[in-house]
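Asks: Predicted structure and sequence below. I'll ask about it afterward.
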Amino acid sequence: MTAGSGIVLGESTNNNRWFSEHFQDHQLIGKVWSSREKVFISPEQLSIRLKSARFVLLGEIHTNKDHHLLQAKYLAEIAGSAKSSPRLVVEMIPKRYGPILNKFRKAKPKQTQELGGVLEWEKRGWGEWANYKPIFDVAYRLNLDILPGNLDRKDTRKIGTKGVKALNNKETTELSLDVPYTKTQSKLLTDMLFDSHCKFVPRAALSPMQLVQQARDGFMAGAMLAAPSGSAAVLIAGSGHIRRDWAVPRILAARDPDSKIVSVSFTEVTPDNKKPQDYEPESADNNPVFDYLYFTPKSEIKDHCAELAKRFKKHKSK
């Protein structure tokens, strides 16, 4: 998919080919669904709507190269039309890598190939750097500020172990832990964590995970809210962090209720789900979880629960 941004998705737009190989012939591939209007819109219409937003959240499946190319494409289009440069907030960069990124960028302002090694991207489990590199190519070319979008592991471990007591009042506010979940939000998030861990983790043990999730969302939101007045902020993150009902957009709306927020989930299709409504998650507030769903092929087929079961079995045997 080629746009004015210079980003190419798959091998050829004209042939409608994608990098992700599974279910390429699905009827929803390449379509954009507006969850609020209950209609399809064109990718070009989506671009126009993103350009008018203060906060843009682009959700992904981490292993899907097409998602990263689409994120790069829309980032370039947003930045190309903006009066002032948007800032880019990236979930995959913990805050301790911020100074490392800035130092490397100052020394090598045009070098993104080596940046993956500097950020220890693959070592930290985010897959091939080549998949994410197009996003950083755009940010470098357009001289966009790149901000860490994640807490350091020592911080999440502290919060998960000691809870809110591990933080002072200033830290609690900075992470927006003073914007509590409703009972419905808390329950649905617990259900999602329970299912995502294939029901191996007891529900009683999920409270620390929920608090860590909330703190990470708060950190991402804080980085976006700190964008200079009049400029936009774009978040690159897993789709769980861009949910409007309990994640980053909920905090943005609470802290800056007058700003326009747009959440786009790049969504992998599955053979049995043929209607866009089939992909809309259950909502904790009866409103659409994502503003838009952009459908793509699936990058890989794995039995997540089988792999997790092996890890739990290995952990218990130690």
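Replies: Yes, it's here.

Asks: What's the first helix or strand after the longest helix seen in the chain?
Replies: For the chain, the longest helix by residue count, based on DSSP state H, is helix 207-225. Next in sequence after helix 207-225, counting helices and strands by DSSP states H and E, comes strand 233-238.

Asks: Partner strands of that next one and their direction?
Replies: strand 55-60 (parallel), strand 87-94 (parallel) (DSSP bridges).

Asks: how far out from the middle of the chain is the last one?
Replies: It refers to strand 87-94. Computed by C-alpha atoms, centre = their mean, to the nearest Å, the chain-centroid distance of strand 87-94 equals 9 Å.

Asks: So for it, mean pLDDT?
Replies: Across strand 87-94, pLDDT averages out at 98.

Asks: hey, what's the residue minimising distance to the centre of the chain bridged with?
Replies: Residue closest to the average C-alpha location in the chain (C-alpha atoms, centre = their mean): residue 237, at 1.6 Å. Note on residue 237: beta-bridge partners by DSSP bridges are residue 59.

Asks: got a list of what it touches?
Replies: Listed by C-beta atoms under 8 Å, 6 or more residues apart in numbering, the contact partners of residue 237 are 57, 58, 59, 60, 90, 91, 149, 220, 248. Where C-beta positions appear, they are placed from N, C-alpha and C, glycine not excepted.

Asks: tell me, how many neighbours does the first one end up with?
Replies: Right, residue 57. Neighbourhood size, residue 57 [other C-beta atoms under 10 Å]: 30.

Asks: same deal with the last one?
Replies: Using other C-beta under 10 Å, residue 248 has 32 other residues around it.

Asks: Which strands and helices lie in contact with the one helix or strand residue 157 maps to?
Replies: For residue 157, the enclosing helix or strand under DSSP H and E is helix 153-162. Under the contact criterion of 3 or more C-beta pairs under 8 Å, 6 or more residues apart in numbering; DSSP states H and E, helix 153-162 touches helix 207-225.

Asks: what about the chain, any weak spots by pLDDT?
Replies: 1-16, 312-318 (pLDDT under 70).

Asks: Okay, strands next: where are they in this protein?
Replies: Taking DSSP state E, the strands of the chain run over residues 32-34, 39-41, 55-60, 87-94, 146-150, 233-238, 261-268, 292-296.

Asks: Need the residues that contact the third one.
Replies: The set of residues external to strand 55-60 that reach it, using C-beta under 8 Å, 6+ apart, is 50, 67-68, 70-71, 74-75, 78, 86, 224, 232-242, 248-249, 252, 256, 259-266, 290.

Asks: List the contacts of residue 190.
Replies: Residue 190 touches 203, 206, 207, 210, counting by C-beta under 8 Å, 6+ apart.

Asks: I'd like these written out as a markdown table, with neighbour count and distance to residue 309 added.
Replies: Compiled in a markdown table, the contacts of residue 190 are given as follows (neighbours: other C-beta atoms under 10 Å; distance: C-beta to C-beta, whole Å):
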| residue | neighbour count | distance to residue 309 |
| --- | --- | --- |
| 203 | 11 | 18 |
| 206 | 18 | 18 |
| 207 | 14 | 23 |
| 210 | 18 | 23 |
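
Asks: Reformat those into JSON lines and put distance to residue 32 next to each item.
Replies: What follows is those, written out as JSON lines (distance: C-beta to C-beta, whole Å):
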{"residue": "203", "distance to residue 32": "36"}
{"residue": "206", "distance to residue 32": "34"}
{"residue": "207", "distance to residue 32": "37"}
{"residue": "210", "distance to residue 32": "31"}
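
Asks: Show me the two of the residues you listed that sit farthest apart.
Replies: Greatest spatial distance among the contacts of residue 190 (C-beta to C-beta): 203 and 210, at 10.4 Å.

Asks: I'd say residue 178 and residue 172 touch.
Replies: Yes. Counting by C-beta atoms under 8 Å, residue 178 touches residue 172, with 5.7 Å between them.

Asks: More neighbours: which of those two?
Replies: Higher neighbour count among residue 178 and residue 172: residue 172, with 15 against 12, using other C-beta under 10 Å.

Asks: Could you check how far the more buried one is from residue 264?
Replies: Distance, residue 172 to residue 264, by C-beta to C-beta, to the nearest Å: 30 Å.

Asks: mind listing what residue 164 touches?
Replies: Residues near residue 164 by C-beta under 8 Å, 6+ apart: 172, 177, 211.

Asks: quick one: the last one and residue 162 touch, right?
Replies: No. Taking C-beta under 8 Å as the definition, residue 211 is not a contact partner of residue 162, at 10.0 Å.
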